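Colleague: Give the three-dimensional model of this entry:
(chains A and B)
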Amino acid sequence: MKSAVVTFPGSNRERDIMHALELTCGRKPQAVWHAETSLPDVDLVVLPGGFSYGDYLRSGAIAARAPVMEAIRAFAARGGLVLGVCNGFQMLTEAGLLPGALMRNAGLTFVCREVLLETASTANRFTAGMRKGEVWRCPVAHHDGNYFADGETLARLEGEDRVAFRYAKGTNPNGSLNDIAGITNEAGNVLGMMPHPENYVDDQQTSTDGRAFFDSICVAFAAA
Amino acid sequence: MIPNDIAITPELVEAHGLKPDEYDRILALIGREPTFTELGIFSAMWNEHCSYKSSKKWLKTLPTSGPRVIQGPGENAGVVDIGDGEAVVFKMESHNHPSYIEPYQGAATGVGGILRDVFTMGARPIAAMNALRFGAPDHPRTRHLVSGVVAGVGGYGNSFGVPTVGGEVNFDARYNGNILVNAFAAGLARTDAIFYSKAEGVGLPVVYLGAKTGRDGVGGATMASAEFDDQIEEKRPTVQVGDPFTEKCLLEACLELMASGAVIAIQDMGAAGLTCSAVEMGAKGDLGIELDLDKVPVREERMTAYEMMLSESQERMLMVLKPEKEEEAKAIFRKWGLDFAVVGRTTDDLRFRILHQGEEVANLPIKELGDEAPEYDRPWVEPARPAALAADDVPQADIADAVLTLLGSPDLSSRRWVWEQYDTLIQGNSLQRPGGDAGVVRIEGHAAKALAFSSDVTPRYCEADPFEGGKQAVAECWRNITATGALPLAATDNLNFGNPERPEIMGQLVRAIQGIGEACRALDFPIVSGNVSLYNETSGKGIPPTPTIAGVGLLADAGKMARIGFAAEGEMIVLVGAPQGWGSHLGQSAYLRDVHGRADGTPPPVDLAAEKRVGDHVRDLIGRGIVTACHDLSDGGLAIALAEMAMASGIGATIVGLPDIDPIPVFFGEDQARYLVTLAFDPHSAEWAALRAEQESLGIFAPWIGTTGGTSLKLGGARAISVEELKAVHDSWFPRFIDGK
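Modeller: Just a heads-up that it's a prediction; the model follows:
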């Protein structure tokens, strides 16, 4: 699988996710600068974690208007896989590629801790290779991760099986509605998630539970 | 606008923090009255913070070299060789006063400043720590300060993208009016690509990089004259405002520029901004510097030369570049959206010349600005030592109750509320996060190498005996690093004291430095960087002497690293380095303070030879792969160390076969040089017998004191406490304190 990771000024987990992708998919992702207006020939584009442009406005709001976002929008429309993690999820909601918004954490402070994630849906191209209902360890690290959407949108997300990940067993760290940790678009080719599976992939890290997620993405492409 | 030709009155000199004899020295040095801008420059260069004028004499006595030391004190940060062509670059620095005035920005810019010190040398930051001391929990400002400082540390470090892997938080009424915020950062660099501040070459461009210059921070310490307040257009807070986003861009741009080969010299603008950075670059390279302030990027109108030279706006750098690489350098900075301006040049006349709007506003001898700064041998008195506790003075308490009291106390309770606000995982290399003995970060590109970090000092010991307290701070840091299995390499010191003009405070400083020096020599643990923060006073009373020591250790094989949690049930618990009765010293202990409200006795003495012998042995055992868990003993003694190991794992322990003496000092004594290790040995096995024999030959007493297992902690005949209860008490103090309950 060929992948690219977009770096914005203020991105700071791009190296982490490059490490995870290289480790699991065996191929080094290409780096794409935010000012570029086209994407290389890849299967997956990742918007990494961080504080793009400082996030002094709403998190992800300025990145959602970066030159590269038009290319990403077109790529998604063509069916390319777009993954937004943490700040990347915030960008996807700000760009309108995913519904809802990430508000300030209910506890008002930045929170970095391990949570339990339930793989709530496998009906998309990212989690198809994972086991539905499985609960796994994953860290979060964010200030604005409190997922909010109006009732109608929430009902649609649930009804269309688009909640990919949920905080499990009382570990919701931010007050997200329906314990939502990650959602997909209607077509299932755009996924946004707050937690950081990329920090739990190799043997020296606290856990390797995050591998299954990346393996699932890679396997989908190996089969395709 | 402040003109440059203001008459220099004695009041103005005093307002700049310069003593009359210091001013006479200036007159003798330049042979005329200084201009207003020049006076500002002198006050910035000759203040305590930049010149170390009270401490220099004593700092010189510290050991600062060693086979691994590439750069000791005197640069932006210390540099230590870690093999394979790589080096760790680190330093700790205080931001105490600003953090008390404006906790969020004060702490944030403290973190920003120390990160800049590290990447200025060409290193990518890989770990941060912070040592925080606050006033009494019930003091009306304390909660506000704790919340603000913690949010500020997190706000800057998280956004910049460096994992915070350790630190300290303590409370003491003596910090009510003067909290301490000591920030540490470490980075990785290639040993052949370390960048220094020494300028080389005449007529080369001096380049200003990063954020624009504003009036923030102008004369924080020195511009206190009321006469001039009403002439400044607007009164600005003296605390700078941090912008971690710009700093992150500055990091990437600087590293990219350094890799291009364009950089000859680099210096970040920290305290006294443009003044200090330019003077250091020139003076170190035996060159003059000429600056044209009209070229300095500014974010406010009508800034005067005085303001520009003293501004402490953040996220700025000064460099000397190879002229042929100027365009390449400019392109890199433009890419990252940062200012790039040639603001001056190097000269061969050893003068520091400042031009502003066609006028020369300063022309000073550059070497003398730094080198000829006053240096004092301030009078000091030997600190009074408290009496030792009488042998029969062993106040009693129920052991289980005392354990719970200590675990739920402000100083010993869990700091989870604090460190969950720090990104402890970013970069993906954190092997041990806060909550253990030391933070551990693996080194990218190696299968098993890692670095361990710890920051320590016990102010109540230093208060009772600055010499022993200084020794203990070094020993505890060394011990914490050792407890992971890492070899301690070197340390940085952040010396926080009161007013050195008072002989009793100066005595604390002198004796603490002597203790630090003695311990560092004995433990092969040189001081490679540091910072001195004096005049930390609350209504005439100094803070407890607080010489924070932050150290770095190297783990050759992270696969064998030890952690504090019990690993499994049924393992032997061995107390390595114990005195015959396991524990004996109650003077200045957490038990006396938190259970009995007493602050008396002498602190535990540190036997450095024993410290080294025991630590080297423990590290050896970890390296042999036979240690399943390890934890050093410190505040609260044996009982608290056991509780911490149990809480970290959920596995209980039973302690048996106590010495036939009063159990209080056994469990709560704070004797030094002790570690708990667990072994997956059969106590009747030959391997245990062999280890006992080995320890005997080394002169180390290491009794088998109990066994892991079950779900509660059983300390001899004391009431068993469930690990759940230990955790509940340990976890609850901080959130309750913050909620004001």
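Colleague: give me phi/psi at residue A:176?
Modeller: Residue A:176 adopts backbone torsions of phi -50, psi 140, taken as degrees, to the nearest 10.
Colleague: from memory it sits against residue A:149, does it?
Modeller: No - assessed by CB atoms under 8 Å, residue A:176 is found out of contact with residue A:149, at 10.0 Å. To be clear about C-beta, it is placed using only N, CA and C from the backbone, and glycine gets the same treatment.
Colleague: more crowded one of these two?
Modeller: residue A:176 (23 against 20; other CB atoms under 10 Å in any protein chain shown).
Colleague: can you pull the pLDDT of the more buried one?
Modeller: Looking at residue A:176, its pLDDT reads 98.
Colleague: Quick check: closest non-adjacent residue to it.
Modeller: What sits nearest to residue A:176 in space, not counting adjacent residues and going by CB to CB, 6 or more residues apart in numbering or on different chains, is residue A:147, at 3.9 Å.
Colleague: mind listing what the one you found touches?
Modeller: Taking CB atoms under 8 Å, 6 or more residues apart in numbering or on different chains as the criterion, residue A:147 is in contact with A:100, A:101, A:102, A:103, A:174, A:176, A:177, A:178, A:180, A:181, A:183, A:194.
Colleague: what do you get if the cut-off is 10 Å, keeping everything else the same?
Modeller: A:89, A:93, A:100-103, A:154, A:157, A:163, A:167, A:172, A:174-183, A:192, A:194 (CB atoms under 10 Å, 6 or more residues apart in numbering or on different chains).
Colleague: Remind me which helix or strand residue B:133 belongs to.
Modeller: strand B:124-134 (DSSP states H and E).
Colleague: Quick check: buried residues in stretch B:525-540?
Modeller: Within stretch B:525-540, the residues that qualify as buried are B:525-538, counting by 16 or more other CB atoms under 10 Å in any protein chain shown.
Colleague: to the chain's geometric centre, what's the distance from that stretch?
Modeller: Put simply, stretch B:525-540 sits 10 Å off its chain's centre (CA atoms, centre = their mean, to the nearest Å).
Colleague: can you give me the end-to-end distance of that stretch?
Modeller: The first residue of stretch B:525-540 is 35 Å away from its last residue (CA to CA, to the nearest Å).
Colleague: quick check: mean pLDDT across it?
Modeller: 90.
Colleague: From start to finish, how long is stretch B:59-72 in a straight line?
Modeller: So stretch B:59-72: terminal residues 12 Å apart, CA to CA.
Colleague: related to what we said a few turns ago, so which of the buried residues of stretch B:525-540 comes closest to chain A?
Modeller: Checking the buried residues of stretch B:525-540 against chain A by CB to the nearest CB gives residue B:529 as the nearest, at 25.2 Å.
Colleague: and the closest one, that one's in a strand?
Modeller: Yes - counting by DSSP: H, G, I helix; E, B strand; the rest coil, residue B:529 falls inside a strand.
Colleague: For the chain, give me the ranges with low pLDDT.
Modeller: Because you didn't say which chain, this covers chain A. Residue ranges of chain A with pLDDT under 70: A:222-224.
Colleague: wait, chain B
Modeller: Scanning chain B for pLDDT under 70 picks out B:1-3, B:219-238.
Colleague: Tell me which residue lies nearest the centroid of it.
Modeller: Closest residue to the average C-alpha location of chain B: residue B:92 at 3.5 Å, with CA atoms, centre = their mean.
Colleague: Enumerate every residue touching that one.
Modeller: By CB under 10 Å, 6+ apart, the contact set of residue B:92 is B:77-78, B:114, B:117, B:129-131, B:182-186, B:455, B:491-494, B:529-531, B:548-551.
Colleague: Residue B:94 is in contact with residue B:131, isn't it?
Modeller: Yes - if you go by CB atoms under 10 Å, residue B:94 and residue B:131 touch, sitting 9.1 Å apart.
Colleague: got any residues that touch both of the two?
Modeller: Counting by CB under 10 Å, 6+ apart, the contacts common to residue B:94 and residue B:131 are B:180, B:181, B:182, B:183, B:494, B:496, B:546, B:548.
Colleague: out of the residues you listed, what pair is the most spread apart?
Modeller: Longest distance between any two of the shared contacts of residue B:94 and residue B:131 is 14.3 Å, between B:183 and B:546; criterion CB to CB.
Colleague: from memory residue B:123 sits against residue B:266, does it?
Modeller: No - in this structure, residue B:123 is not within contact of residue B:266 by CB under 10 Å, at 11.9 Å.
Colleague: what's the overlap in contacts for the two?
Modeller: Listed as contacting both residue B:123 and residue B:266 by CB under 10 Å, 6+ apart are B:76, B:195, B:258.
Colleague: From chain A, how far out is the last one?
Modeller: Distance, residue B:258 to chain A, using CB to the nearest CB, to the nearest Å: 18 Å.
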